[in-house]
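*Asks:* this one's structure only:
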Ligand SMILES: [Mg+2]
């Protein structure tokens, strides 16, 4: 089987409801839709989100820097192709748009290979045997929601059966943030898992001062408290806190994860399949996490469609995030019932963006 053509199509569509955290203010969602065509007639589907106006750059990068080197190649040489894509693009940087573009292509290659074999991606990777994955919900906890609205939404998702809620803080007033966390803990009760996400927004002094105060609310993890490159700062904070620090959705290399593990700067790893360079590098980080005795919570912003396969092939994953930003754009609808996500059994990844969505929301 040989690759004959690679497409990357930018699409942009409105979210059902605008949201904000400490770092992002989003009314629209954007992703580059990747399609890899072959001489066998099979098509591999991948995608890569790039928010806040970045999606055209990602699609352009794929078309001009990655597509020409992929045509004529065997998609089963996916690890070799990953290394070639890396060297092809590294002059522009080893993170950001390059890595997001590579991620979309890498996902499409794995999708293609799994389709060629007629198995779901998790089976190609080696499944854990899990048939469903518990979900926690992020949909209710946005910083832009007034406190009473947020709590009402949280109680609603918990009533649906979700296995915990995440809330966003990192406002200009950390004391107000603590009061908001206290109100949520009071409303949901002592036994419901509660995660708190700063979205890399605190500086070191704020993190060291206010991070440990979150322990009184028995949070299940503190997510991305500060600059994702400050490994030493995270190690300092983790040493002061009982709650695990979770980091990863903004880490773009295995090397940085290695430093976090070695310095005990996190206790939960959150590798992101669309920031690291796709399935290939995600698996490398998961293996490193295993070697360090660290559990993995896949980042999903919103990449559940791929992450569910990774979760079903990684014993270190016990929980996944639920967002609903891409729930309706794929031909293959994920099944969610009472807070459980069913592991799909169809061939490939199952991230075929619907033709009518492509037609309607394509950036021209
Ligand atoms: Mg986060």
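*Replies:* Received the coordinates, thanks. Everything numeric in this text was worked out from a predicted model, so none of it was measured.

*Asks:* what sits against the closest residue to the ion within the stretch 151-300 of the chain?
*Replies:* Of all residues in the stretch 151-300 of the chain, residue 197 sits closest to the ion, at 4.4 Å by C-beta to the ion. (Each C-beta comes from the backbone N, C-alpha and C, glycine too.) The contact partners of residue 197, taken as C-beta atoms under 8 Å, 6 or more residues apart in numbering, are 21, 138, 141, 166, 167, 168, 169, 170, 223, 224.

*Asks:* quick check, pLDDT for it.
*Replies:* pLDDT for residue 197: 98.

*Asks:* may I have the phi/psi pair for it?
*Replies:* phi -120, psi 120 (degrees, to the nearest 10).

*Asks:* so how far is residue 151 from it?
*Replies:* 17 Å (C-beta to C-beta, to the nearest Å).

*Asks:* so which residues on the stretch 151-300 of the chain come close to the ion?
*Replies:* 197, 223 (C-beta under 5 Å from the ion).

*Asks:* so where do the helices sit in the stretch 151-300 of the chain?
*Replies:* 174-188, 204-210, 231-240, 254-262, 279-291 (DSSP state H, counting those that start in this stretch).

*Asks:* surely residue 256 meets residue 231?
*Replies:* Yes. Here residue 256 lies in contact with residue 231, judged by C-beta atoms under 8 Å, at a distance of 7.4 Å.

*Asks:* relative to residue 343, which of the contacts of residue 197 is nearest.
*Replies:* Distance to residue 343 across these (C-beta to C-beta) is lowest for residue 138, with 20.3 Å.

*Asks:* who's in contact with that closest one?
*Replies:* 165, 166, 197, 321, 322, 323.

*Asks:* may I ask which two of the residues you listed are separated the most?
*Replies:* Taking C-beta to C-beta as the measure, the contacts of residue 138 span a maximum distance of 14.0 Å, between 197 and 322.

*Asks:* can I assume residue 151 is in contact with residue 183?
*Replies:* Yes. Using C-beta under 8 Å, residue 151 is in contact with residue 183, at 6.7 Å.

*Asks:* which one's more surrounded, the two?
*Replies:* Ranked by neighbour count (other C-beta atoms under 10 Å), residue 151 and residue 183 place residue 151 first, with 21 against 15.

*Asks:* so what pLDDT did that one get?
*Replies:* In this model, residue 151 carries a pLDDT of 98.

*Asks:* again, but for residue 256
*Replies:* pLDDT, read off for residue 256, is 97.

*Asks:* for residue 152, give its distance to residue 159.
*Replies:* 11 Å.

*Asks:* these two: who's more crowded?
*Replies:* residue 152 (13 against 8).

*Asks:* from residue 17, how far off is the more buried one?
*Replies:* 14 Å.

*Asks:* please apply the same query to residue 248.
*Replies:* In terms of C-beta to C-beta, residue 248 sits 26 Å off from residue 17.

*Asks:* give me the more crowded residue out of these two.
*Replies:* Set residue 248 next to residue 17 and count neighbours by other C-beta under 10 Å: residue 248 wins out with 26 against 12.

*Asks:* show me what contacts that one?
*Replies:* Residue 248 touches 257, 266, 269, 270, 271, 272, 285, 299, counting by C-beta under 8 Å, 6+ apart.

*Asks:* just the buried subset of the contacts of residue 138, please.
*Replies:* Taking 16 or more other C-beta atoms under 10 Å as the criterion, what is buried in those is 165, 166, 197, 321, 322, 323.

*Asks:* can you list the residues you listed in CSV and add distance to residue 113?
*Replies:* Shown next, in CSV, are the buried ones among the contacts of residue 138 (distance: C-beta to C-beta, whole Å):
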residue, distance to residue 113
165, 36
166, 33
197, 34
321, 26
322, 27
323, 27
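
*Asks:* can you tell me the closest non-neighbouring residue to residue 20?
*Replies:* Counting by C-beta to C-beta, 6 or more residues apart in numbering, residue 20 lies nearest to residue 144, which is 3.8 Å off, once chain neighbours are set aside.

*Asks:* what residues are up against that neighbour?
*Replies:* 18, 19, 20, 21, 25 are the contacts of residue 144 under C-beta under 8 Å, 6+ apart.
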